[in-house]
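Student: Build me a model from this:
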Amino acid sequence: MKIKQFEDKNLSHYSYAIISNGEMALVDPSRNPKAYYDLAKDQKVKITTVIETHPHADFVSSHKEIHETTGATLYVSQLLDAEYEHQTFDEGDAIVLGNITLKALNTPGHSPDSISIVAINESGKEIAVFSGDTLFIGDCGRPDLREQAGAITASREELAKQMYHSLRIKLMTLPDDVLLFPAHGAGSLCGKGLSEQKSSSIGAEKISNWSLQNMTEKDFVDELLSDQPFIPKYFTFNVGLNKKGALKYETSVSKVRRREPVKCEGCARALNPDILIIDSRPQAVFKKSHLKNSINLMNDLRFETWLGSIVAPNEKFYLLAENDLVLSELIDRSAKIGYESQIEMAFVLHYGDTEMNFFDTASLKNNQDAFSIIDIRHHSEAKVNRIFADTIHIPLHELRERTAELPTHKPILVHCAGGYRSAAGSSIIKAAMKDNIEVFDLSEAVKSFQK
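Tutor: Just a heads-up that it's a prediction; the model follows:
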């Protein structure tokens with residue numbers, strides 16, 4: 001048996017290929033299936049099986065496409081109520097893959113329809129468990145994403161209780177030497193304290209993972225529900241899309257490939273003013289020249305997450321980039337969360353009719369009261385470390401809906417923790433304010449004010 005782990009660093013997502021005797025099974029595949037096809041060709045094996053541990057909230061899976069392209073059988077829990085051709089895979093069910101067996105465990109907690117998959121070798125020994133979003137390295141899955149999504153909904157309290165028992169009855173009872181392969185690592189919003197490690201073992205997690213320690217159900221639930229990260233707008237949308245099955249990747253993204261650069265004022269005026277503009281260029285370039293009412297969401301590691309946090313599902317947007325290479329990459333990355341069909345037009349920008357003044361930090365050090373300071377960090381960040389004494393706190397993912405709450409009697413200064421989010425936040429506020437209201441981005445200079 002061979003196990004190949006694939007990592008999508010942008011979404012902190014792990015998917016897996018399991019190979020035995022000429023057959024390959026895929027677990028929780030990413031939107032673009034090319035890497036799996038390439039591996040099958042290289043290893044001279046046939047993709048026969050695709051398994052989804054649950055309908056994912058944070059990325060779009062290629063499970064349906066792989067099934068339609070290769071003829072592989074698609075397995076999911078009966079509780080998922082999938083809308084595509086599939087076979088159910090629940091407790092007591094097993095799949096023979098070459099010389100090994102893949103066994104299903106129902107492990108609700110992150111979602112009511114979550115399963116984990118145990119790989120058993122030809123000698124009958126349990127070798128590995130693919131835990132989806134149930135058990136992570138250093139943490140377990142958050143229980144608050146299925147209160148309004150999926151075929152089965154459940155309260156966060158109910159799911160947290162189910163997680164407590166799934167971990168203890170289903171996963172902790174596996175042998176200590178069973179290898180642990182989760183669907184996510186550090187940086188994922190599907191948990192709050194995931195490790196940088198890419199794999200572990202049940203025995204190691206029993207020692208180090210807080211969620212597997214000896215505690216009452218109440219204490220576990222209280223801890224699990226506390227300080228979970230925010231929920232991006234696109235999460236519920238992705239659950240529904242994965243339940244239905246997404247369009248074929250290349251067919252879908254090819255519809256929004258490169259258009260002609262916008263070089264002139266006339267071209268810019270031809271754009272629909274009611275459609276949101278996402279400008280991914282570096283903030284220094286954006287501030288010097290951009291299209292009015294643009295949001296500066298830079299090409300960064302977490303572009304997908306912030307795109308799906310600021311832009312609502314089914315909301316059309318223009319996607320702008322500094323060159324063709326970046327534009328193509330960002331179209332692909334938008335597709336990871338199912339947003340490619342929302343791109344009204346994607347193009348390279350060579351023109352701008354609006355500028356945004358750069359901020360002089362000396363003016364802030366001399367007189368903080370001269371500005372309305374807007375803190376757009378997460379609630380947990382603002383609670384732990386308050387950078388300025390007098391601020392208005394509105395997290396970035398809520399900002400577009402809450403700009404009416406902002407005062408307008410003095411200049412507005414936006415800050416985050418390092419400069420990336422404040423570029424987006426200040427541009428959101430600038431687009432919402434009248435032209436006579438000055439809006440500044442503290443950017444990376446915020447670091448000089450942190451204790």
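Student: So which residues of the stretch 1-150 of the chain form strands?
Tutor: 2-8, 13-20, 23-27, 46-51, 73-76, 87-88, 94-97, 100-106, 115-120, 126-132 (DSSP state E, counting those that start in this stretch).
Student: Just the C-alphas of the fifth one, formatted as PDB.
Tutor: This file holds the C-alpha atoms of strand 73-76, laid out as PDB (Å, rounded to 0.1, in the frame of the first residue of the first chain):
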ATOM      1  CA  THR A  73     -17.100   4.700  -7.900                       C
ATOM      2  CA  LEU A  74     -18.000   7.600  -5.600                       C
ATOM      3  CA  TYR A  75     -18.600   6.800  -1.900                       C
ATOM      4  CA  VAL A  76     -20.200   9.100   0.700                       C
END
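Student: Each with direction, which strands does that strand pair with?
Tutor: strand 46-51 (parallel), strand 87-88 (parallel) (DSSP bridges).
Student: Mind listing residues that contact the shortest one?
Tutor: What it means is strand 87-88. 73, 74, 75, 76, 77, 78 (Cβ atoms under 8 Å, 6 or more residues apart in numbering). No exception for glycine: its C-beta is placed from N, CA and C like everyone else's.
Student: Which members of those are classed as buried?
Tutor: Buried members of those, counted by 16 or more other Cβ atoms under 10 Å: 73, 74, 75, 76, 77, 78.
Student: so where is this protein shaky, pLDDT-wise?
Tutor: 150-151, 258-261, 263-265 (pLDDT under 70).
Student: Tell me which residue lies nearest the centroid of it.
Tutor: What sits nearest the mean C-alpha location of the chain, by Cα atoms, centre = their mean, is residue 58, with 4.0 Å.
Student: which ones are touching that one?
Tutor: Listed by Cβ under 8 Å, 6+ apart, the contact partners of residue 58 are 11, 13, 184, 188, 189, 190, 232, 235, 238, 305, 337.
Student: Inside strands: which ones of those residues?
Tutor: residue 13 (DSSP state E).
Student: per-domain residue ranges of the protein.
Tutor: By the assignment in automatic domain parsing, the chain contains the domains 2-241, 249-348, 361-449.
Student: end to end, how far does the shortest one reach?
Tutor: From the first residue to the last, domain 361-449 extends over 10 Å; the measure is Cα to Cα, to the nearest Å.
Student: Also the second one?
Tutor: Between the opening and closing residues of domain 249-348 there is a gap of 22 Å (Cα to Cα).
Student: circling back to that earlier point, wait, which of the domains of the chain is closest to residue 354?
Tutor: domain 249-348 (4.5 Å; Cβ to Cβ).
Student: Spell out the residue ranges of the strands in the stretch 251-400 of the chain.
Tutor: 276-279, 294-296, 317-321, 343-348, 372-375, 392-393.
Student: closest to residue 267 out of those strands?
Tutor: strand 343-348 (9.0 Å).
Student: Check which residues of the closest one are buried.
Tutor: Going by 16+ other Cβ under 10 Å, strand 343-348 has these buried residues: 343, 345, 346, 347, 348.
Student: just how off-centre is that strand within its chain?
Tutor: Relative to its chain's centre, strand 343-348 lies at 22 Å (Cα atoms, centre = their mean, to the nearest Å).
Student: quick revisit: distance to residue 355 for the domains of the chain - can I get that in CSV?
Tutor: Output for the domains of the chain, formatted as CSV (distance: least, Cβ to Cβ, whole Å):
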stretch, distance to residue 355
domain 2-241, 29
domain 249-348, 6
domain 361-449, 10
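Student: With that, I have no additional questions.
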